[in-house]
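Chemist: The sequence isn't on hand, but the structure is:
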C-alpha cells in the first residue's frame, strides 16, 4: 500500500515538472540590443524572439536633459506602432537620435547646441506579449505582457561615439 502511494506521488511530481517545462517553452521571451551605425546619431536596433510563440512588441526611446523629456512622437520607437515577431526570428531596425523631440517640437540637437552640451544618456525599453488569436483565451488570460528594464546608453553627438551607460 505504501509503495502504491509513493509511486502515485512520484507520478504527480513528474507530471507537474513536465508541465512546467512545456509551459516555459510557450512563454514569450524577447531580447534586444543596439549598435552604432556609420552615420553620427544613427543607431541600429536588433531584436530576437527566442520563444516558440508569436509576440507583439512595442518599443520606446527617450532622453531626459535638464528635466526636459525628448522622445519619438510616433512610430516603432515612440510606443505607437508594434512589431509582430514570429517564433525564433530576429529583426533589425534603426533610428536617428537627432530625430528626438520635446513636447514643443524642439529637436534634441538644437537643444544641446543651445545649452552647449554634446552628449546625452538615453533609455530604451520594450514591452511584449504573446499574441492570442482566440478571443475567449484573451479574455481569460488578460494578456498584459512583460516589460524590460530600461537600458541606458550614452551618445556623443560631436564624434558619434555610442556605448552602454553603466
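Modeler: Perfect, I can see it now. Quick caveat: nothing in here was measured; it's all calculated off a predicted structure.

Chemist: continuing past the longest helix seen in the chain, what's the next helix or strand?
Modeler: When secondary structure is assigned using DSSP state H, the longest helix within the chain turns out to be helix 2-25. Moving toward the C-terminus from helix 2-25, the next helix or strand (DSSP states H and E) is strand 30-36.

Chemist: what packs against that following strand?
Modeler: The helices and strands touching strand 30-36, judged by 3 or more C-beta pairs under 8 Å, 6 or more residues apart in numbering; DSSP states H and E, are strand 42-49, strand 55-65, strand 119-130, strand 162-164. Yep, even glycine has a C-beta here, placed from its N, CA and C like the rest.

Chemist: what about the ones you listed, which gets the closest to residue 104?
Modeler: Nearest to residue 104 among the helices and strands packed on strand 30-36 is strand 55-65 (13.7 Å), distances taken as C-beta to C-beta.

Chemist: Buried ones in that closest one, by neighbour count?
Modeler: Of the residues in strand 55-65, 55-63, 65 count as buried by neighbour count, 16 or more other C-beta atoms under 10 Å.

Chemist: and residue 113, how many neighbours does it have?
Modeler: A count of nearby residues for residue 113, using other C-beta atoms under 10 Å, gives 12.

Chemist: please begin residue numbering at 36 from this point
Modeler: OK, 36 is where the count begins now, so the last one is residue 148.

Chemist: quick one: secondary structure of it?
Modeler: Here residue 148 takes the helix state, with states given by DSSP: H, G, I helix; E, B strand; the rest coil.

Chemist: What score does it have for pLDDT?
Modeler: In this prediction, residue 148 carries a pLDDT score of 87.
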